[in-house]
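> Sharing a model that was predicted from the sequence below.
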Amino acid sequence: MSIWSRVTNLFRIKQLTDEIDEELQSHLDEAVAQGRDPEEARRAFGSPLRHREASRDVRIGVLLDSLCADTVFGLRQLRKNNITSLAAILSLGLAIGSCMAAFRLIDAVLFRPLPVANADHLYEVSRQGVFNNTPFVYDSWAYPDFQQMRAAVKDQAELLAVSNTEPADLTYKSDAEIERAQLQYVSGWMFPAFGLRPKLGRLLTENDDLKPGAHPYAVLSQRYWEHRFGEDPGIVGRTFRMGDRVYEIVGVIDGDFTGTETGTMVDIFVPVMMHPGVSANDWSWHRTLAILKPGVVVEPVSAKLEAVSRAFEEQRMNGAMAGMPKEELEAFLNQKVLLEPAASGASQLRTDTRRPLTILGVLVFLVLLIACANVANLMTAQASARVRELALRASIGGGRGRL
């Protein structure tokens, strides 16, 4: 008999019992019809109750029958001790609810990977050093420094330049209809490196990042395209004005990718070559992300980036800090390049909230432990009041598991 038939029989116990009784009676009637004495036939047949129980076990199953009976008994006990049951349910409900809410927040900020390919090989490049006897960790870079670092590690990793997400005033029609959108400057080769594909048009490429100001193109996130333009298929080719430049929309990203900055949704992506500080040696304005190639470890890449960064800083600061003591200048130049895992993205929000969210996770876990301890105490007190009942059930064959 299939498991589905057995489960169905659980909800039709009365009909099943009547069917079994009718079947048993038909066997007795058949024996009497063959000329046997009714009393002799009943004695030969045996106990009807034993046959009924055996038939129930076949048509329902011992485990399913026991589970159903134990569930009904448990619900009756909950109803009988409604105050204790309500206190236990509320305690566990509040504790589990707080844990779920905290976990969703922690997962969204710290653990959930970006919806891109190679997320497990993604790292954020930052530097650690000392300036004016004050330690610092800095994650912003000048683009000329980035270009040298990218060339140095091209066989080991692919570097990506991504700016902080910033609100931008732009207009799609006239200067009288200015609106605001979240904008991010990104390397054109970021999209193929992340395995992203266009839903409409095309995405940015490395050819869009060859010359400053030469390619005023823009790519929209799918979320922004749906919300702002109502999934208009004719969006490709439209233009908008931002500042003194007119940008052409060349495509829409397919999927949930809304930028690399945790906690911020980017609406529009434009090439880093359109940023006003792209040629400045003394303007650190973008983050650097690294996608390590398979089989490459972090330490050699970090050491090579550190050497390139030091050479760049020495050249940039040559004569710029003539009055600085040699020891302080050397301490500043001895910056250590760090590669931190960034599968879930990189942002100041993630950095600032890591410690508070860790503490929050510990606190809600303690709340759950306290709730479990309270429920255990309630169950222990309730069991103490049922000692005689449990002893009686054990004496008539109740197993430890079922009790």
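Everything's here; your move.

> contacts and neighbour counts: CA atoms only from here.
OK.

> Flag the shaky bits of the stretch 51-200 of the chain, pLDDT-wise.
When the per-residue scores of the stretch 51-200 of the chain are filtered using pLDDT under 70, the ranges that remain are 51-54, 56-67, 131, 174-176.

> tell me which residues in stretch 92-108 are buried?
Taking 16 or more other C-alpha atoms under 10 Å as the basis for neighbour counts, the residues of stretch 92-108 that come out buried are 92, 95-96, 98-99, 102-103, 106.

> The residues you listed into CSV, with extra columns for secondary structure and distance to Tyr172?
Output for these, formatted as CSV (DSSP: H, G, I helix; E, B strand; the rest coil; distance: C-alpha to C-alpha, whole Å):
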residue, secondary structure, distance to Tyr172
Leu92, helix, 53
Ala95, helix, 49
Ile96, helix, 48
Ser98, helix, 44
Cys99, helix, 45
Ala102, helix, 40
Phe103, helix, 40
Ile106, helix, 37
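
> where do the strands sit along the stretch 101-250 of the chain?
Secondary structure of the stretch 101-250 of the chain (DSSP state E, counting those that start in this stretch): strands at 122-131, 134-138, 157-163, 166-170, 179-186, 197-201, 217-220, 239-242, 245-254.

> Let me know which of these is the nearest to Leu390.
Taking C-alpha to C-alpha as the criterion, Leu390 comes closest to strand 122-131 out of the strands of the stretch 101-250 of the chain, the separation being 58.8 Å.

> tell me what the closest one is packed against?
Strand 122-131 sits against strand 134-138, strand 286-292, helix 326-333, strand 336-341, with contacts defined as 3 or more C-alpha pairs under 8 Å, 6 or more residues apart in numbering; DSSP states H and E.

> ok, and for it, which residues are buried?
By neighbour count with 16+ other C-alpha under 10 Å, strand 122-131 contains the buried residues 122-127, 129-130.

> coming back round to it: closest one to Ala342 among the strands of the stretch 101-250 of the chain?
Ala342 lies closest, by C-alpha to C-alpha, to one member of these: strand 122-131, at 4.7 Å.

> quick one on the thing from earlier: which one among the buried residues of stretch 92-108 gets closest to Leu289?
Ile106 (22.2 Å).

> Put together a markdown table for the buried residues of strand 122-131, with distance to Gln25 on each row.
Formatted as a markdown table, the entries for the buried residues of strand 122-131 read as follows, by distance: C-alpha to C-alpha, whole Å:
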| residue | distance to Gln25 |
| --- | --- |
| Leu122 | 75 |
| Tyr123 | 78 |
| Glu124 | 80 |
| Val125 | 84 |
| Ser126 | 86 |
| Arg127 | 89 |
| Gly129 | 93 |
| Val130 | 95 |
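
> Check the residues you listed and tell me the two furthest apart.
The largest separation in the buried residues of strand 122-131, counting by C-alpha to C-alpha, is between Leu122 and Val130 at 26.5 Å.

> Grab the most central residue of this structure for me.
Centroid check for the chain by C-alpha atoms, centre = their mean gives Arg112 as the closest residue, at 3.5 Å.

> Could you report the separation of the closest residue to Asp139 other than its chain neighbours from Asn82?
For Asp139, the nearest residue in space outside its immediate sequence neighbours is Ser126; the separation is 4.3 Å by C-alpha to C-alpha, 6 or more residues apart in numbering. Ser126 is 58 Å from Asn82, where distance means C-alpha to C-alpha, to the nearest Å.

> Scan the protein for its longest helix.
When the chain is scanned for its longest helix (criterion: DSSP state H), the result is helix 348-384.

> Check which element follows it along the chain.
Of the helices and strands lying after helix 348-384 in sequence (DSSP states H and E), the nearest is helix 387-395.

> How far away from the center of its chain is that next one?
Centroid separation between helix 387-395 and its chain, computed with C-alpha atoms, centre = their mean, to the nearest Å, is 48 Å.

> before we move on, back to that, the helices and strands packed on strand 122-131: which one's closest to Lys14?
Nearest to Lys14, of all the helices and strands packed on strand 122-131, is strand 336-341, at 62.6 Å by C-alpha to C-alpha.

> Pull the contacting residues for the nearest residue to Asp282 once chain neighbours are set aside.
Leaving aside its chain neighbours, Asp282 sits nearest to Ala142 (6.6 Å; criterion: C-alpha to C-alpha, 6+ apart). The neighbourhood of Ala142, defined by C-alpha atoms under 8 Å, 6 or more residues apart in numbering, consists of 278, 280-286.

> go with 6 Å
Contacts here follow C-alpha atoms under 6 Å, 6 or more residues apart in numbering; on that basis Ala142 touches 281, 283-284.

> Using ChimeraX, make a named selection holding only the buried ones among those.
In ChimeraX, a selection of the buried entries from the contacts of Ala142 looks like this (16+ other C-alpha under 10 Å):
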select :281,284
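
> now the longest helix of the chain against helix 387-395, angle please.
Orientation of helix 348-384 against helix 387-395 (axes from the mean of the first three to the mean of the last three C-alpha atoms, to 10 degrees) gives an angle of 80 degrees.

> Name the residues of helix 348-384 that come out as buried.
When burial is assessed from 16+ other C-alpha under 10 Å, helix 348-384 yields the following buried residues: 350, 357, 360-361, 364-365, 367-368, 371-372, 374-375, 378.
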